[in-house]
Structures are given as C-alpha cells and as structure tokens.
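Participant: model this:
(chains A and B)
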Protein chains: 2
Amino acid sequence: MITLDLILPDTRYPIHIGHGLLEQVDLLLPHLPLPKAAIVSNATVAPLYLSRLQQALEARGVACSSVVLPDGERHKDWQTLNLIFDALLSGNAERKTTLIALGGGVIGDMTGFASACYQRGAPFIQIPTTLLAQVDSSVGGKTAINHPQGKNMIGAFYQPKAVIADMDLLATLPDRELSAGLAEVIKYGLLGDAGFLAWLEANMAKLRARDGEALQYAVKRSCEMKAAIVSEDEKENGVRALLNLGHTFGHAIEAGLGYGAWLHGEAVAVGMILAAAASAELGWISRDDVERVRRLIAAAGLPVKAPSMPTEQWLSLMSHDKKVEAGTVRFVLLRSLGQAVIESGLDTALLDRILRENS
Amino acid sequence: MITLDLILPDTRYPIHIGHGLLEQVDLLLPHLPLPKAAIVSNATVAPLYLSRLQQALEARGVACSSVVLPDGERHKDWQTLNLIFDALLSGNAERKTTLIALGGGVIGDMTGFASACYQRGAPFIQIPTTLLAQVDSSVGGKTAINHPQGKNMIGAFYQPKAVIADMDLLATLPDRELSAGLAEVIKYGLLGDAGFLAWLEANMAKLRARDGEALQYAVKRSCEMKAAIVSEDEKENGVRALLNLGHTFGHAIEAGLGYGAWLHGEAVAVGMILAAAASAELGWISRDDVERVRRLIAAAGLPVKAPSMPTEQWLSLMSHDKKVEAGTVRFVLLRSLGQAVIESGLDTALLDRILRENS
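Facilitator: Predicted coordinates:
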C-alpha cells in the first residue's frame, strides 16, 4: 500500500492506494468521530461490495446503515440526492455520522455533496470503485450534482476525511468504464508530465489488461499530480483550472447529448482531442502532436470523434461553463504535450473549424 | 448609520445598520467582483422594494436580474431552491455574479444556500427586510432549506460579503412579523445580557410602535452579540450553540405543525418559555424568573403556550435536532436570566411535565 497526503490550509487527509483494502477497516476507524456510518452506493456496486464493507465495519462496532441509489450519470440530480437525505433522517443520522461513498464518480460526487449539506456538514470518506473515481473525482473535494442546463453546476468544495483506492475493486469494472478512467489518467500526462505521457504510451496495453502493478502506478502518479495541484489551489482560483483540460468541450457533449449517453471519461477524451486541435491551430503544438494524442486516446479504447452538434449549440452549452469569466469562455489548451495553460476566448471561426474537422 | 464588523478566520464583512440604506448602492459596489447581480426576493417583498434596488444598481452600471419566489416558510424547500438555480442558469449567471437576498429569513437562508452551491460558491449579500432577519438570520452565515423531517437540515455555513439592515424597510412589516423578530431580540438578552433584557422590558412598547431609534438600538445590540459569538465559533463546535436557545423546542413546533403554521419567531418564543421552565425544574432559575420571561414574551405580542402535541411526538421531532450528539438531545437552558448553557439530555418525565404545564 502507498499512502499520499493531501495537505490543505485547513485540513489534510490520506489517500491510500493498494490491493485488498476494502475490508481493512483500520484505515477507516481513525476518521470516524462517532461509531456511526452510512454507506452510499449504487445498484451496480452494492451487490458486489456493500455487504463486505458493512460487515467489516459492524464487526468493529460501527453502527452502519446504507442507501443504494440508481446507477448512472443521469441520476446525478436533486431527486436522487434527496434519497440520501431521506435515508439519513429516517435513520436518525447525526451531524457526526460519517458518510461513506462506495462507488464511482457519480456516487462520490453525490455523497460528498450530501455530506457538505447534511446538517451543514457531516464527515465523509471516499472508497472509489472505478478507475476514473480513483484517479480523479474522489480526490480534491469537488462535489456536485448536475443541472439540466449544465454539468456539476450545483455543488460544494468539501474535502473527504480519507480516500481508499483499492485496486482489487477494478476487477469487476466493465472495459468501457476502465477506458473512461484512462481518459483522466492521460489528462495528467498531457497537462503536466510529458514523461508520464510517454510511460502511458508504453504501458497502455498492460493497463487495459488490468496489470495490477501498472494500474497502481497510474493511480499513484495521477493522485500525486492531483494532490499537488489541489493543495496549491483548493478553490480553483488559478492552477486548479488546468485539471479541466478537455472538460469544457466534454461537459458540452454530456449536457448536449443528455447525461449518461456518453461516459464522462469518453466526453473528456474527445474534449482533449479538441483542445489539442485548437492548440495546433494557435501554432502551439504540431499536427503530429495532435495525432499522438489521438493515437493514445484510441489505444485506451476511447472515442476520438466529437458527436455532431451545431456550433451554436456548442457555444451555448459552453457558455455555462464554470470557467466563464466576464462573459468569456476560458479554455484549457496545450502549450506543449505535458504543459497546459488557460486561454481566454477562442475565435468562433477557429472553434467551428476544429469541431467540423473532429466530428 | 452604524457599521459592525464580523471577523472570522478566513474572512470579514460589514453589517451596516441605519435608515435609508436600500438605495445607497455605494455600500454594495465594493463587494461585487463583477458588475453583475441577481436579486432574489419573494412575492410579498418584491412589489415594495425590488425595483428600487434594481434601478439603483443599474444606474451604477450593474447588470441586474431578479427572481421572485413564493413567500413563506413552507416554500423553503428543494423545489423553490431550484427556481433560483433555473433563473441563474437561464440568465447565464457566472461564478462571480453576486446574489442579493432581498427578503426575510427564508429568502436569506435560501439565497445564501443557493450561493454556497451555485458553481460551488458564488458571492452573496444580505439585505434583510424583516426584523427577525436583521437581528439574527442574515448574520453569521448559516444557510439552509428544510426537510419534511427536520428544519434547516440541508444547508451550509456560507458567509455573505455584507449585510445591509435598513430600518426603513421595517415600516411595511406586518405586526405579527415584527413580534416574531422581537422573539430573537429577547433571545439575546436571555442568553447573554441581563442589562439588555431589562432594557427590552423598559422599551417593548416603543419597539412595537416602531420607534426608529429603539429599533436601531435593538438591531445593533443583537448583531453585536451575534457577531461576537459567531467570530468565536463559526461552525458551531461550542458557544454558537447558545444561539439556539428556544430553537430545539421551536423547530419541533414548526416541523410538527407543518412549516408556516407558526412563524419561526413564535415557535422560538414558546421554546424559550419551555427552556426557562426546564431550567426552573432543575433549580437554576426561580418560578418568578420564568414568569418574567413569559411576561416579556407576551408583551412582545407573542404566544406563550405550546401547541398540544403528544410528548412522544416532541421527542421524535427533537431527535432530529442538529445538536443531537451520540443519540442525546442537547438543550440550551438558562443558568440565570442572561446566562445560557448547554445541557445534555433532559429527563423524559421532566419534559412531559413542562410540556403539559405550558400547553
């Protein structure tokens, strides 16, 4: 097991990465202010892992309830969030009852946001069960639900007390979900570590074959980079925005096609190709660089073509992006492969061109 | 105009108290990061004050939208909160668009919570239009909506950038609402300032006649006390709980009878009488003290008898209180008039006795 520490001005917490961690309740117990927990999971993950976690906690004297939500991005909404509150109140959960997110990014985001809001703030722990959640969404305290007009529009910055990334849980992950997680892994290479990008090119086959060591290294390197950026800029006033490489385009795809039609990682993958294409248009990277990005994304089993939407619809969807400032959409682009930057405003003609060329 | 400063570890903000402040946009402008604002008000307050505020802002170059919610505690729920998000997204509000709460406690709590959640945190300003909101709910950053099973169960600690308490707005306040606000004013005397309690006894007639000077003094003294307590304990880990004097009983009344049947201040008034009666049962204050509390509350035009509910219902409703810890309801009681303390757990027989004697 590897343990990273995410250090923030007001708090710090461990990210444990390893094998066979689900039932190692000793990793959880120090973070529970009361021996009371509520596990939030979904209908896909709960049959696989919920009772193992719950029994391990109960064996150590933790009173443990659970709530099982429907699975999928299209349920990341008020109605489903309310199911968590209903369950907490019906079970007399207190302000110091710890919520435990056992699932992928949707469960993590919703459990985190429910924790931020329940009695104005209850403790929570992330146990991500997808690669995407392990390398990205479970770390850093961004929590949210979607609004029909924009992804992750309603949420909070709210940090977990601990993150437990158990590689063994990835054994049951469908291939499509594994690929979606690899999109976020590739993101870290592209935005800040050309060496890691080269490592990913060399090891993509191992990762897709779920080689335990390769996965653990990819998760560790991703979490290290995320932790470094988040500890520098928790509330996204600056450098943290770089983590949104591919996300402005990606969120537009998700909202435009209806949440759940594409997986988040798939939308981000195509978003990164669009960001690379825009960077090439600006003369920052070469056409060969764009092709290198496209090849790696294809090798990860991800889509490389944007869905076909009118440019006006792209612009309208992107106008709700959280990085919009003073009416201008700000894009994360690539100065080089391994160095992302924020660019305010892209020419509509340029956008139109890259969207047509890549869909 | 008097200005108090609320100083917290991460921020500080002014509370301006005076006459004719609504259109003094100079008090607002320094707090807007962008010249963009969205005013949230309700169907009762908007016809009186919304266009005056909006025009004053627009005259200074602030692009200003508005959303008008239905009035009343029973609308302090998800559905109504979503109307704010719908309006913000439809109007392309950005992360740095400032929300302005123009209304009473319900509008302040909902606008604050919407600000805490919108794009994970937008700035907001409180312009309270009721006495209750001016002396209590607009100050200190507690924001929330209700859940059918408990008042203010879903919310956030989220501080405004400024509070503007304009005494002139109280001119249109119905008598019943004025009295409800006086309940929270009395609370400050009871919990921490015997001298202020005596001043209230001497000046209650003036306050009910809306004497401008008396009101301004009552608002100032209340805000001073609230600011001192909140700056000591922003997240309610200790002394801030004293501000909930009367609220554990009061919230049970509000939830038990259905939100809106009693005004919040009315429920708190009776809650304070119950807290005084319990304190007398414990031998901490005298029967005469209890009568003195009851007389002052009656003089403020407030109810002095609890609604009739079975003791089991009281206990069940209070079991959802946010001050519950390790299964025990913690009550705010009175060591003396002017000195509140937290007491863990009250004997059910004692509760049963005071509830029967006071309903």
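Participant: so who does the residue in the stretch 101-250 of chain A that chain B sits nearest to touch?
Facilitator: In the stretch 101-250 of chain A, the residue that lies nearest chain B is A:Gln149 (4.1 Å; Cβ to the nearest Cβ). C-beta: built from backbone N, CA, C; applies to glycine. Neighbouring residues of A:Gln149 by Cβ atoms under 8 Å, 6 or more residues apart in numbering or on different chains: A:Ala255, A:His320, B:Asp86, B:Leu89, B:Ser90.
Participant: Tell me the predicted confidence for it.
Facilitator: Per-residue pLDDT puts A:Gln149 at 86.
Participant: which parts of stretch A:98-108 are buried?
Facilitator: Residues of stretch A:98-108 classed as buried under the neighbour-count rule (16 or more other Cβ atoms under 10 Å in any protein chain shown) are A:Thr98, A:Leu99, A:Ile100, A:Ala101, A:Leu102, A:Gly103, A:Gly104, A:Gly105, A:Val106, A:Ile107, A:Gly108.
Participant: circling back: now the residue of the stretch 101-250 of chain A closest to chain B: how far from A:Val332?
Facilitator: Distance, A:Gln149 to A:Val332, using Cβ to Cβ, to the nearest Å: 22 Å.
Participant: Show me which helix runs longest in chain A.
Facilitator: Taking DSSP state H as the criterion, chain A has its longest helix at helix A:212-232.
Participant: buried stuff in it?
Facilitator: Per 16+ other Cβ under 10 Å, helix A:212-232 contains these buried residues: A:214-227, A:229-231.
Participant: Pretty sure A:Pro307 sits against A:Ala255.
Facilitator: No - counting by Cβ atoms under 8 Å, A:Pro307 stays clear of A:Ala255, with 11.7 Å between them.
Participant: Shouldn't A:Glu343 be within a strand?
Facilitator: Yes - when classified by DSSP: H, G, I helix; E, B strand; the rest coil, A:Glu343 is found to be part of a strand.
Participant: Verify the stated contact: it with A:Arg335.
Facilitator: No - between A:Glu343 and A:Arg335 there is no contact under Cβ under 8 Å: 9.5 Å.
Participant: And these two? Which one has more around it.
Facilitator: Remark: of A:Glu343 and A:Arg335, A:Glu343 carries more neighbours, 18 against 13, as counted by other Cβ atoms under 10 Å in any protein chain shown.
Participant: Which of the contacts of A:Gln149 are buried? Put it as a PyMOL command.
Facilitator: Burial among the contacts of A:Gln149 is assessed by 16+ other Cβ under 10 Å; the matching PyMOL selection reads:
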select buried, (chain A and resi 255+320) or (chain B and resi 89)
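Participant: Turn the contacts of A:Gln149 into a markdown table, including secondary structure, distance to B:Gly327 and pLDDT.
Facilitator: Listed next are those as a markdown table, based on DSSP: H, G, I helix; E, B strand; the rest coil; distance: Cβ to Cβ, whole Å; pLDDT from 0 to 100:
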| residue | secondary structure | distance to B:Gly327 | pLDDT |
| --- | --- | --- | --- |
| A:Ala255 | helix | 43 | 90 |
| A:His320 | coil | 44 | 82 |
| B:Asp86 | helix | 39 | 97 |
| B:Leu89 | helix | 41 | 94 |
| B:Ser90 | helix | 45 | 93 |
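Participant: Looking at the contacts of A:Gln149, which is nearest A:Thr348?
Facilitator: A:His320 (16.9 Å; Cβ to Cβ).
Participant: Contact partners for the nearest residue to that closest one once chain neighbours are set aside?
Facilitator: Once flanking residues are discounted, A:His320 sits nearest to A:Gly150: 3.8 Å by Cβ to Cβ, 6 or more residues apart in numbering or on different chains. Residues near A:Gly150 by Cβ under 8 Å, 6+ apart: A:His251, A:Ala255, A:Leu317, A:His320, A:Asp321, B:Leu89.
Participant: Tell me if I'm right that the last one and A:His147 touch.
Facilitator: Yes - applying Cβ under 8 Å as the test, B:Leu89 and A:His147 come out as touching, 5.9 Å apart.
Participant: which residues are in contact with both of the two?
Facilitator: Joint contacts of B:Leu89 and A:His147 (Cβ under 8 Å, 6+ apart) are A:Met153.
Participant: What parts of chain A come near chain B?
Facilitator: Residues of chain A found near chain B (Cβ under 8 Å from any Cβ of the partner chain) are A:34, A:78, A:82, A:85-86, A:89-90, A:92, A:94-96, A:116-121, A:142-144, A:147, A:149-150, A:152-157, A:235, A:319-320, A:322, A:324-327.
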